[in-house]
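Enquirer: kindly return the folded structure for what I paste below:
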Amino acid sequence: MVLALKAASGRAGSQVEVLTSFRASLSSIARRHSHSVGIVPATATICAWRLAHLAFCLVMTEIALRCDGCGQTASPAHVAQRLQRLEWTTRYRPVHIGALLLGAIAPREDAECLYAPEGKFAGEAKRVLQATGVGVAGKSAEAVLSEFQRGGFLLAHVLECPRFQSANLNCAVVLDDGKPFALDRDGPEDGAERLHGALAASSVVGR
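Expert: Residues are numbered from 1 along each chain as shown. Down below sits the predicted model:
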């Protein structure tokens, strides 16, 4: 089309003459290729013409998604599960949180997810409800979760992506003699000081 426009502009002076010559050039091209591509009549809209000499190359590339729950590249299914569970949790988040129950890693199965609408309340979900004194007998999932919400309880996890239960993080795990560092108290056995030393040592080794 660009070539046709240049040719038309070379034969005409005014804008009207250029447009007329341009349409005539397109009609000529369309007639030459109509036997192979089924060109619509020249009276139709110019945008509807498909010219055989115009070639297009469509390249499909896979976009790496990064999950905001674990910070790792993840599949669309992984990200979708993360967003779905976040929606479930938000639905029953108390206006005023009285007690935040913090788990280590989110359960892999939805049946063990406390806020899942199916309300199977297995595994971790069952134990959390028992600990907070919320019964499930004869109640719908919505009634159970509403009672949990009215109690001011909110369940969250340090790692919101269950894939880390068996994942290889490909990095060193710094522990305090095989245990997590206790950062909730001061004193001669200050975990913060030991963590500082462990991080300094690991950074030196990594250089």
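
Enquirer: what residues of stretch 146-166 count as buried?
Expert: Judged by neighbour count using 16 or more other C-beta atoms under 10 Å, the buried positions of stretch 146-166 are 147-149, 153-155, 157, 160-164. (Glycine included, C-beta is placed from N, CA and C.)

Enquirer: among these, which are located in helices?
Expert: 147-149 (DSSP state H).

Enquirer: let me know the average pLDDT across the helix or strand harbouring residue 102.
Expert: In this assignment (DSSP states H and E), residue 102 forms part of strand 99-105. Strand 99-105 comes out with an average pLDDT of 88.

Enquirer: all helices of the chain, in order?
Expert: Counting by DSSP H, one finds helices in the chain at the ranges 2-11, 15-37, 76-91, 124-132, 141-150, 191-206.

Enquirer: among the ones you listed, which gets the worst mean confidence?
Expert: helix 2-11 (a mean of 44).

Enquirer: my guess is residue 113 contacts residue 125. True?
Expert: Yes - counting by C-beta atoms under 8 Å, a contact exists between residue 113 and residue 125, whose distance comes to 6.4 Å.

Enquirer: between these two, what contacts are shared?
Expert: Taking C-beta atoms under 8 Å, 6 or more residues apart in numbering as the contact rule, the neighbours common to residue 113 and residue 125 are residue 107.

Enquirer: same list (the ones in helices among the buried residues of stretch 146-166) but as a markdown table, adding distance to residue 199.
Expert: Listed next are those as a markdown table, based on distance: C-beta to C-beta, whole Å:
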| residue | distance to residue 199 |
| --- | --- |
| 147 | 43 |
| 148 | 38 |
| 149 | 39 |
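
Enquirer: which of those lies closest to residue 24?
Expert: For residue 24, the closest of these turns out to be residue 149, at 72.4 Å, with distances computed as C-beta to C-beta.

Enquirer: give me the nearest residue to that closest one, chain neighbours excluded.
Expert: Spatial nearest neighbour of residue 149, chain neighbours left out: residue 92 (4.6 Å); criterion: C-beta to C-beta, 6 or more residues apart in numbering.

Enquirer: what about that neighbour, how many neighbours?
Expert: Residues contacting residue 92 under the criterion other C-beta atoms under 10 Å number 19.

Enquirer: can you list the domains in the chain?
Expert: For the chain, whose domains are defined here by automatic domain parsing, the residue ranges read 2-48, 65-165, 172-207.

Enquirer: what is the orientation angle of the strand holding residue 102 with helix 141-150?
Expert: An angle of 120 degrees separates the directions of strand 99-105 and helix 141-150 when computed by axes from the mean of the first three to the mean of the last three C-alpha atoms, to 10 degrees.

Enquirer: can you list contacts of strand 99-105?
Expert: When contacts are defined by C-beta under 8 Å, 6+ apart, strand 99-105 is touched by residues 124, 128, 131-132, 151-159, 162, 164-165.

Enquirer: that one - which strands sit beside it in the sheet, and in what orientation?
Expert: Sheet pairing here is set by DSSP bridges, and for strand 99-105 it gives strand 153-159 (parallel).

Enquirer: follow-up on the earlier one: of all the ones in helices among the buried residues of stretch 146-166, which comes closest to residue 177?
Expert: The nearest member of those to residue 177, counting by C-beta to C-beta, is residue 148 at 36.8 Å.
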